[in-house]
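> All I have is the shape, not the residue letters:
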């Protein structure tokens, strides 16, 4: 488990490329036959990349519960999972959840004996976010077709995109975790521009559908002290609440966004005037 500590925006101004990548980027989240955990002190978020094969991966085999001060991982947490690969299965002591490509599942506080298995070859890739939770909501599958769909942007501004809201108050109740998937349409490369911050919530971006010869420039930092990180396929960026989070690709791409913090109001954003961003 990699531990990521919180950062002061005044300190981040002095980071060079290597330090920015070390603090905010996870380059290799998915390793075949393993569960990779990134634990961040930014709102106590945990990100996981799970690459099961036909052999079962048991979550507790990869989690040091002493690090969380609990008897099991979801004793005081909730978990959202999006399947970025082929058909996979998630099992708990209470149920079995079969996920096709881009289906999701929510596991509520108290779930135990969590296992993962690939159902079609070795191509399952399960991306997970976990947040602290103090109430138990029912676990359930959210099919790709059940996500709330919002279309934003335009081709003229190169940000024509489709937002699929999976873990969202209009879809199902959670304690604080929100997750969804955004797809940019061909010819569009910008996400979240004009940029914004939201001091009430942190955000995590997991980029995918980035072709091998392409990259995404993820912009971060305070609005008047912007920086960028070059991101490739299946790489994760953690964004503190004080930072903008925007990307521009060399081609269209997709990303899983996840938020946790004080509220779940999707459009609670502090927009940055284009005349002020630097």
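Perfect, I can see it now. Treat the numbers as computed from the prediction; the structure is a model and nothing was measured. Numbers count the residues shown, from 1 in each chain.
> Identify all contacting residues around the lowest-mean-pLDDT helix or strand in the chain.
Here the helix or strand of the chain ranked lowest by mean pLDDT, DSSP states H and E is strand 270-271, holding a mean of 76. With contacts defined as CB atoms under 8 Å, 6 or more residues apart in numbering, strand 270-271 is touched by 194, 195, 196, 197, 198, 199. The C-beta positions use only the backbone N, C-alpha and C, and glycine is treated the same way.
> Neighbouring strands of it in the sheet, and parallel or not?
strand 196-197 (antiparallel) (DSSP bridges).
> now the least confident helix or strand of the chain, how far from the centre of its chain.
Going by CA atoms, centre = their mean, to the nearest Å, the spacing between the C-alpha centre of strand 270-271 and its chain's C-alpha centre is 21 Å.
> How about stretch 167-184?
Using CA atoms, centre = their mean, the offset of stretch 167-184 from its chain centre is 11 Å.
> In it, which residues are buried?
167-168, 171-172, 174-184 (16 or more other CB atoms under 10 Å).
> So which residues of the stretch 1-150 of the chain form strands?
Remark: strands assigned in the stretch 1-150 of the chain by DSSP state E, counting those that start in this stretch are 2-4, 25-26, 35-40, 46-50, 57-58, 77-83, 88-91, 96-99, 104-107, 115-118, 126-132, 140-142, 148-152.
> Show me what the last one is packed up against.
Applying 3 or more CB pairs under 8 Å, 6 or more residues apart in numbering; DSSP states H and E, one finds that strand 148-152 contacts strand 161-167.
> So which residues make contact with the strand it packs on?
Outside strand 161-167, the residues touching it (CB under 8 Å, 6+ apart) are 80, 82, 102, 104, 106, 142, 144, 147-153, 171, 174, 177-185, 188, 191, 258, 266.
> what sits against the closest residue to residue 40 other than its chain neighbours?
If you skip the residues right next to it in sequence, residue 40 has residue 4 as its closest partner in space, 4.1 Å away by CB to CB, 6 or more residues apart in numbering. Residues near residue 4 by CB under 8 Å, 6+ apart: 23, 38, 39, 40, 41, 42, 238.
> Of those, which qualify as buried by neighbour count?
For the contacts of residue 4, buried by 16+ other CB under 10 Å: 23, 38, 39, 40, 42, 238.
> Now do the contacts for residue 185.
155, 160, 161, 162, 252.
> circling back: now the contacts of residue 4 as TSV including pLDDT and distance to residue 97?
Compiled in TSV, those are given as follows (pLDDT from 0 to 100; distance: CB to CB, whole Å):
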residue	pLDDT	distance to residue 97
23	94	34
38	96	23
39	94	24
40	93	26
41	90	30
42	89	28
238	96	26
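> Sounds good, over and out.
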